[in-house]
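Asks: the following comprises the amino acid sequence and a computationally predicted model.
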Amino acid sequence: METTTPKIGVFLVEDHMIFRQSIAEVLQREKDIEVVGQCATAGEALNMIAAAKPTVVLTELTFSGMGGLELVAQLATVSPNTKPVVFTESLSERDLLEALRLGARGYAYKKISTTAILDCVRRVAAGEIWLQTQHLEILVRSLQTRGRNRPVSGAQLSPREKQIIQLVLAGCRNREVAKELAISEKTVKNHLSNIFDKLGVGDRLEMALYVLDKKLLAEN
């Protein structure tokens, strides 16, 4: 019996109606993508997303009332498996860094091509982090200017630490990492603390950037 691959459900949060409808039309033309909902404000989005359970949410940052960053932060509560992507005109480095710290899996300027939009949605749905080249440059520069100590020569990651990093890169939270590896959340936190010390980073975002930049998992 032939099985059908589920479509990527996308929810749009954008207050510019014409722009929102244009993006919806682009997405709906794809056989593997379905727009499962859309609205004009972050405030009304939460309940709708909780009901629709989309794979990906594309959201602007600036709204009256609740902002896009707050929406990103609350998504894990209302729809844990939904992956947020910030789709904005903001050129603020602070917005980029904060969005990623709060759980955004992608960040894109509105002027990108439709091909790039589709690539972003598909890659984020598959568990990847999607960023444009200029955003990677911002993140690397931010990491370099934090003044963190770099790892000592010869510092090695254990197989378990590599497993945890891979799960974090896939977007798993501590509870999900613990469940996947059949260990306690406290053990996950202890492992992360050791990883941070070994790599000379201060949090999960810096860890992800450092690992991706240095290709520490390339042999796995």
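Replies: The structure has been received and is ready for your questions. What you see is a predicted model; the values in this text were computed from it and never measured. Numbers count the residues shown, from 1 in each chain.
Asks: where are the low-confidence patches of this structure?
Replies: Scanning the chain for pLDDT under 70 picks out 1-3, 140-155, 212-220.
Asks: list the contacts for the residue nearest to the spatial centre of the chain?
Replies: Centroid-nearest residue in the chain, with CA atoms, centre = their mean: residue 105, separated by 1.3 Å. Contacts for residue 105 (CB atoms under 8 Å, 6 or more residues apart in numbering) come out as 83, 84, 85, 124, 128, 129, 130, 171. Any C-beta I mention is one placed from the backbone N, CA and C, and that applies to glycine too.
Asks: do residue 75 as well
Replies: Residue 75 sits next to 49, 57, 82, 84, 103 when contact means CB under 8 Å, 6+ apart.
Asks: helix or strand right after the one helix or strand it maps to?
Replies: Residue 75 is part of helix 68-78 when elements are defined by DSSP states H and E. Counting by DSSP H and E, the next helix or strand C-terminal to helix 68-78 is strand 83-88.
Asks: can you give me the buried ones in that following strand?
Replies: In terms of neighbour count (16 or more other CB atoms under 10 Å), strand 83-88 has its buried residues at 83, 84, 85, 86, 87, 88.
Asks: quick check, nearest of these to residue 44?
Replies: Minimum distance to residue 44 across these is 16.1 Å, recorded for residue 84 (CB to CB).
Asks: the closest one contacts residue 104, doesn't it?
Replies: Yes - Residue 84 lies in contact with residue 104 (CB atoms under 8 Å); the separation is 5.0 Å.
Asks: need the overlap of contacts for the two.
Replies: Contacts common to residue 84 and residue 104, judged by CB under 8 Å, 6+ apart, are residue 72.
Asks: before we move on, the earlier item: can you tell me which of the contacts of residue 105 lies nearest to residue 18?
Replies: Looking at the contacts of residue 105 and their distance to residue 18, the nearest is residue 85, at 20.1 Å (CB to CB).
Asks: helix or strand for the closest residue to residue 76 other than its chain neighbours, which one?
Replies: Spatially, and ignoring its direct neighbours in sequence, residue 76 is nearest to residue 103 (6.1 Å; CB to CB, 6 or more residues apart in numbering). Assigning secondary structure by DSSP H and E places residue 103 outside every helix and strand.
Asks: so residue 103 sits against residue 85, correct?
Replies: No - contact criterion CB under 8 Å: residue 103 and residue 85 do not qualify, at 10.7 Å.
Asks: work out for me the element residue 11 sits within.
Replies: For residue 11, the host element (DSSP H and E) is strand 8-13.
Asks: go on, residue 134?
Replies: Here residue 134 is covered by helix 133-144, with elements defined by DSSP H and E.
Asks: which neighbouring elements make contact with the helix or strand that contains residue 119?
Replies: Assigned by DSSP H and E, residue 119 falls within helix 114-125. Helices and strands touching helix 114-125, by 3 or more CB pairs under 8 Å, 6 or more residues apart in numbering; DSSP states H and E, are strand 8-13, helix 17-28, strand 33-39, strand 56-59, strand 83-88, strand 106-109, strand 130-131.
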